[in-house]
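In: Please work out how this folds:
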Amino acid sequence: MLNVPEDQLEPYGPGLLGLVLRHSAERPAAPALKDDVEALSYAELSERVRAVASGLSALGAEPGDRVVLLLPNSAGLIVCALACLWLGAAFVPLSLEEPPARLERMVRDCRPAVVVFSDSHEKPGFQCLAETVSEGSVLASDRSTPPIARDPERDAYLIYTSGTTGQPKGVRVFERAFKAVVIKATRRLGLDESVRALLVSSFHFDAALTNAFPALVAGGLLVIPRREDLLFLRRFFRAVLEEGINHCGCSPSYLRMLLSSPRLASLAESQLTTFGLGGEECIAADVAALWKVLPGLRVFNRYGPTETTIEVTVYEVSRADVASGRIPLGVPNEGVSFTIVSDDGRILDGPDEVGELYIGGAQLMRGYWGDDELTARVLNDHIVPGETWYKTGDVVWRDAEGRYFYAGRSDDVVKRDGVRISLNEIAQALRQVEGVSGAVCVLTGHDDSLGIAAYVEAGPALAADDLLSAVRAYLPASMLPNQVFIVPSLPMTSSDKVDRPRLLGDAG
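Out: I've put the predicted structure just below:
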């Protein structure tokens, strides 16, 4: 499917752009993109990408530059991202939901050549040195700009994430790594030209990139509802049924929202065959609940830090995994290496040994934009001299079959009264109590007054005292949370992950 001779990718070249736009010659009338406003065939997609690339070029964007895309999920956003690849520029997707001061900080930080904002929004109020234009005005009448010869070592995109200091940092991803991950996902999921995929996650969340681009590389249709509509769920179920969606990906938090919907049973009438989960820990009970509605659905657990290009494992969940209560991360992608390191810096080779995961190999980021010091702290050769590894902060273990399992975050493991406690383990225990659909734990207080607050997603029939009594069957007294809050739903970020800072604020 993807073993295409390079001479058949002309005039777009052998990069990711060529893998997508080759369909404009092979199947020009086939549908490529559809949002709430327009639908584009592959021929129309190719022409639109050419027009936007020419417009960006006329505004001064050159190979190696950055182009900020301040756009909602839409066909136009995908077009602009592909136009950046056409020019050899890196696209920088930013969220419209960001606070203005934070958004301005990120734009100033990456020093873009052009900022493209949505026709449906006002021009950003912040000042920057870049050309700032609306999406509609970037279309060029002169469409003569040829595709730039792809340099696999050039930045394909920058994704901003929050650092330990709370300041956003731009992760620089190579073109070759981006292309390789998209191809691996396309093959692993078994996508072909019949795929009709739904884009759920916001595009500034890098998991959205492997929900969107594999469908286009395969020659299928990518359906893009408005993000704000999907948060009310009705649009999700309607789109899946009306658009004949057969592939979808989202975060486990978003899946739990779907599972709590009275419309969930309607998925039994859908054409869904594959479902990807990523961005957070995959919970066995959630997959079991999804299989009750769609027993033949293939579910994939996708794991990877942003710094290692979206995902480094794609694991198909089995019935045995769900029965065991633990979903593996799986094994690393081809070209990717894992190693587990103990607290004292030893490499742990045996099964069931718990330590921090370090990742090496072909998918490592170039580094953090403009921050060589931070890059050196997380990309180093301290573990194996001469080999570069990324320090993930994720705690894992490996079974006898070589499969890796997530055990929590290194910063979620704390000592209380001299006992090591994993917040993730507490949350897992809480999720086993009947009536609980979600749980997350956060630290409260400081030093000697350190406490643990548990936020539990459950109905009003479950009282906090009853929950604590029930969870004693799974946890020793030393690990019981100090406070339990029953909430109708856990707050989520724009990336569809649990909003832990907001919970911390609530915990005081």
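In: where do the strands sit along the stretch 401-508 of the chain?
Out: Using DSSP state E, counting those that start in this stretch, the strands of the stretch 401-508 of the chain run over 404-409, 413-416, 419-422, 436-444, 451-458, 483-487.
In: Mean pLDDT and distance to residue 307 added to these, as a markdown table?
Out: Placement of C-beta: from N, CA and C, glycine included. Below are the strands of the stretch 401-508 of the chain laid out as a markdown table (pLDDT from 0 to 100; distance: least, CB to CB, whole Å):
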| stretch | mean pLDDT | distance to residue 307 |
| --- | --- | --- |
| strand 404-409 | 91 | 15 |
| strand 413-416 | 68 | 21 |
| strand 419-422 | 72 | 23 |
| strand 436-444 | 85 | 23 |
| strand 451-458 | 89 | 28 |
| strand 483-487 | 90 | 31 |
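In: any chance of these in CSV, with distance to residue 53 and mean neighbour count too?
Out: Formatted as CSV, these follow (distance: least, CB to CB, whole Å; neighbours: other CB atoms under 10 Å):
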stretch, distance to residue 53, mean neighbour count
strand 404-409, 40, 19
strand 413-416, 48, 14
strand 419-422, 49, 15
strand 436-444, 43, 22
strand 451-458, 45, 22
strand 483-487, 47, 17
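In: May I see these organised as JSON lines, with distance to residue 254 added?
Out: Shown next, in JSON lines, are those (distance: least, CB to CB, whole Å):
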{"stretch": "strand 404-409", "distance to residue 254": "18"}
{"stretch": "strand 413-416", "distance to residue 254": "27"}
{"stretch": "strand 419-422", "distance to residue 254": "24"}
{"stretch": "strand 436-444", "distance to residue 254": "11"}
{"stretch": "strand 451-458", "distance to residue 254": "13"}
{"stretch": "strand 483-487", "distance to residue 254": "17"}
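In: For residue 244, which of the ones you listed is the nearest?
Out: strand 436-444 (28.8 Å; CB to CB).
In: and that closest one, which strands flank it?
Out: Here strand 436-444 has these sheet partners by DSSP bridges: strand 451-458 (antiparallel).
In: Outside of the strand it pairs with itself, list whatever touches it.
Out: Strand 451-458 is contacted from outside by 256, 416, 421, 423, 426-427, 430, 435-445, 462, 464, 467, 481-490, 503, 506-507, using CB atoms under 8 Å, 6 or more residues apart in numbering.
In: Ok, stretch 358-375 next?
Out: 109-110, 155, 158, 163, 169-174, 176-177, 180-181, 304-309, 312, 332-333, 335-341, 379, 383-384, 387-392.
In: which of the residues you listed count as buried?
Out: By neighbour count, with 16 or more other CB atoms under 10 Å, the contacts of stretch 358-375 hold 109-110, 155, 158, 169-174, 176-177, 180-181, 304-309, 312, 332-333, 336-341, 379, 383, 389-392 as buried.
In: Residue 106 contacts residue 95, doesn't it?
Out: No - at 9.5 Å, residue 106 and residue 95 do not qualify as touching, with contact defined as CB atoms under 8 Å.
In: Make sure residue 337 is indeed in a helix.
Out: No - under DSSP: H, G, I helix; E, B strand; the rest coil, residue 337 sits outside any helix and is assigned strand.
In: Do you know the pLDDT at it?
Out: Listed pLDDT for residue 337 reads 96.
In: mind listing the strands for the stretch 1-150 of the chain?
Out: Going by DSSP E, counting those that start in this stretch, the stretch 1-150 of the chain shows strands at 31-35, 39-41, 66-70, 90-93, 114-117, 131-134.
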